[in-house]
Each structure stands twice: as structure tokens, then as C-alpha cells.
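Structure for this input, please:
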Amino acid sequence: MQTPAHDTGFAESAGLSMFYRHFSPSTRGHRRAPILIVHGLSYFSYDWIDVAASLAADREVAAIDLRGFGQSQWSPSRDYSLRTFAADLIAVLDHLGWDRAVLMGHSMGGRICLCAAAAYPQRASSLVCVDFAPDVEATGRASVAQRVGNQPDVFETVDEALRYHGYPDEPADSPVRRRYEAFLEPSQDGFRLRRDLYFRDSFREVLRTGKVGQPEFDLWALLASLDVPSLFIRGSSSNMFGIKTLDKILHTNPRAQAIEIEGSHDLAGDNPAGVTMAVRRFLTSTEPLSPSAPPLSNQPKI
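Predicted structure coming up:
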């Protein structure tokens with residue numbers, strides 16, 4: 001299947017190169033707020049190409065690789081705080097010339113987008129969180145800790161990486177194999193994931209000690225403080241986003257919407273059409289055709 005057409009580039013943030021994919025609008029018409037898509041811990045911008053291309057019907061869309069992931073640079077000082085990730089998003093917006101944007105994040109990317117929307121309210125026109133909520137289900141958290149924390153430094157072959165991630169028999173031309181070939185890079189000893197081993201090491205420490213570090217922010221408090229429309233999308237079979245959390249979101253912020261669509265945690269892979277439809281409906285109901293932006297500020301509020 002042919003990859004949807006898009007441009008790629010790099011933006012600089014605090015001395016690091018941030019890779020992005022840019023999708024131009026496919027139709028003419030009123031200018032809508034652009035969308036910045038941010039992937040999760042076990043994903044990268046590649047996973048969001050189809051959704052981004054679909055959403056680009058009437059607006060610009062960009063999907064980024066976070067620092068430490070994909071084709072973006074790794075942080076030499078292992079600086080992967082929420083504050084730093086949020087500042088990276090603003091640097092990408094500046095590079096693209098976007099005064100404001102819809103911040104759309106999946107899983108860990110949702111946490112980062114929530115932080116960025118709270119810290120830089122002038123830069124977020126709205127927030128979309130895909131299978132992310134401030135509370136993470138214990139079963140999902142444990143599964144991620146096991147998978148990421150036990151990851152080897154390198155895989156001898158692409159097939160070994162596929163087996164480790166639960167895909168033992170992928171033919172040469174399968175979309176899953178192509179995806180992992182894109183998320184792996186050759187090394188002296190085999191193939192390594194395009195993800196800084198900082199994240200593996202952090203989960204390995206959790207597995208060793210049984211202790212989870214203190215959260216950087218009270219995410220529920222950040223959600224309560226938001227003054228822009230927000231949408232939280234839960235996958236119906238997600239092990240990360242509990243069904244009861246939908247109501248908690250609705251009661252936390254009157255401008256928040258919380259819905260469920262079919263699929264697992266990996267909604268971009270399971271149900272890209274459902275994600276696209278949900279986001280379009282949300283934006284159609286909440287955004288003006290020509291949003292007026294307040295004066296810009298890159299000084300974080302948190």
C-alpha cells in the first residue's frame with residue numbers, strides 16, 4: 001500500500017533536532033487550526049501517517065518523533081521531563097509558523113500534550129488525548145513495564161524484534177514487518193529500537209525495586225485548569241484507560257468530552273478511521289472557522 005504523500009523535516013529544540021512529518025491540506029477552504037500529533041512510548045510518527053493524512057483534508061497536520069525516539073535526536077543528558085517535552089512541542093510549532101494548534105497525543109504523548117496545553121495556554125486551540133487519561137490502569141502499567149523494562153540493548157535480527165513484541169510469523173511484505181523495519185536501525189551487533197534506552201532503564205528500575213517515581217505534575221489538576229475544549233478517546237478494549245475514568249474526566253472539566261470507540265490501546269493501528277471521525281466531529285463542534293489567537297507567549301505557566 002502506498003504511503004500518503006507528505007513532507008519531512010527537522011526543527012531545533014534546545015540544541016536537539018526534532019523530526020516531523022508535515023501533511024498539507026488536500027482541499028481548499030476556510031483555514032482551520034493545524035494539528036500536532038504526538039506518539040506514545042512504544043510508537044513513533046510513522047504509526048500516525050494514515051490518521052494524519054486523513055485529518056489533513058481541511059488543515060495542516062504534523063506528526064513528530066519525540067526527542068529520544070524515531071529520527072529525532074536522543075538527549076545526551078537524558079532530559080526527558082514533561083516540562084522539556086512540552087517545550088519541544090512549542091519549538092516545533094514555532095518552526096512550522098503555527099501560532100496555535102490542536103495538540104493531539106496518544107498515551108504518553110497525551111500526557112505531554114496535556115502538560116503543554118496547561119503550560120502554554122496561548123498555543124493550544126484544543127486538546128485531543130487518544131487512549132490517555134491522568135489515571136493509568138494497573139494492568140496496563142504492569143504490561144508496559146515488563147515489555148519495555150526487559151527489552152535487550154539490541155536485537156540480533158528484525159525477526160527477533162518481531163518475536164519479542166508478539167509477532168512471530170510476519171511475512172516479508174506485511175505492514176507490521178515494514179513498521180518494525182522503520183522503528184529499528186542497524187547497529188554493530190544487530191538492530192536497536194529507535195528509542196533511547198533511558199526509557200528501558202527507567203522501567204527496569206521499577207521492576208527491580210517495585211517503586212514508581214513521584215509524578216512530575218498532578219495531571220488531574222492540570223486537566224481541571226484547562227480553558228480550552230478537550231477530547232479524551234478510550235479504546236473499548238484498552239488495558240490503560242479504565243471505563244470508569246470517562247465519567248471522572250467529564251466531572252473534572254466542563255469543557256472536556258470523553259468517548260469510547262472500538263479498539264485496543266493502539267487505536268491508530270486498530271481503528272484509524274474511528275479516530276479520524278471522532279476528532280473531526282469534536283473539532284467541527286468546538287472550533288470557529290477563523291479562530292482569533294491571544295498574544296503569543298512561550299513562558300510556561302507551570
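
quick one: the helices in the chain?
When assigned using DSSP state H, the helices of the chain occupy the ranges 49-55, 82-96, 108-119, 138-149, 158-164, 175-183, 197-209, 219-225, 245-252, 267-270, 272-286.

then stretch 124-140 to CSV, C-alphas only?
The C-alpha coordinates for stretch 124-140 follow below in CSV (Å, rounded to 0.1, in the frame of the first residue of the first chain):
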residue,chain,number,x,y,z
ALA,A,124,-3.2,25.3,22.3
SER,A,125,-6.5,25.8,20.5
SER,A,126,-7.8,22.5,21.9
LEU,A,127,-6.5,19.2,23.2
VAL,A,128,-7.1,15.6,22.0
CYS,A,129,-5.9,12.7,24.1
VAL,A,130,-6.1,9.2,22.4
ASP,A,131,-6.3,6.4,24.9
PHE,A,132,-4.7,8.5,27.6
ALA,A,133,-6.2,9.7,30.9
PRO,A,134,-4.5,11.0,34.0
ASP,A,135,-5.1,7.7,35.7
VAL,A,136,-3.5,4.6,34.1
GLU,A,137,-4.9,1.2,34.8
ALA,A,138,-2.5,-1.0,36.9
THR,A,139,-2.7,-4.0,34.5
GLY,A,140,-1.7,-1.8,31.5
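
which parts of that stretch are buried?
Neighbour-count burial for stretch 124-140 flags 124-134, 136-137, 140 (criterion: 16 or more other Cβ atoms under 10 Å). The way it works is simple: take the backbone N, C-alpha and C, and place the C-beta from them, glycine included.

now swap in stretch 16-26 and tell me
Of the residues in stretch 16-26, 16, 18, 19, 20, 21, 22, 23, 25 count as buried by neighbour count, 16+ other Cβ under 10 Å.

And for stretch 187-204?
Here stretch 187-204 shows 190-197, 199-200, 202-204 as buried, counting by 16+ other Cβ under 10 Å.

mind listing what residue 129 touches?
With contact set as Cβ atoms under 8 Å, 6 or more residues apart in numbering, residue 129 has these partners: 104, 105, 106, 110, 113, 114, 230, 231, 232, 233.

what pLDDT does the residue lying closest to residue 235 once chain neighbours are set aside get?
Spatial nearest neighbour of residue 235, chain neighbours left out: residue 263 (4.2 Å); criterion: Cβ to Cβ, 6 or more residues apart in numbering. Residue 263 carries a pLDDT score of 98 in this model.

picking that back up, in CSV: the buried residues of stretch 187-204, plus distance to residue 154 and pLDDT.
Listed next are those as CSV, based on distance: Cβ to Cβ, whole Å; pLDDT from 0 to 100:
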residue, distance to residue 154, pLDDT
190, 4, 96
191, 6, 98
192, 5, 97
193, 9, 97
194, 12, 98
195, 12, 98
196, 14, 98
197, 10, 98
199, 15, 98
200, 11, 98
202, 19, 96
203, 17, 96
204, 15, 96
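
Mind telling me the two of the residues you listed farthest from one another?
The span of the buried residues of stretch 187-204, defined through Cβ to Cβ, is set by 190 and 202 at 22.7 Å.

show me what contacts residue 226?
By Cβ under 8 Å, 6+ apart, the contact list for residue 226 reads 114, 117, 118, 121, 127, 253, 255, 256.

mind running it again at 7 Å?
Residues counted as contacts of residue 226 (Cβ atoms under 7 Å, 6 or more residues apart in numbering) are 117, 118, 127, 253, 255.
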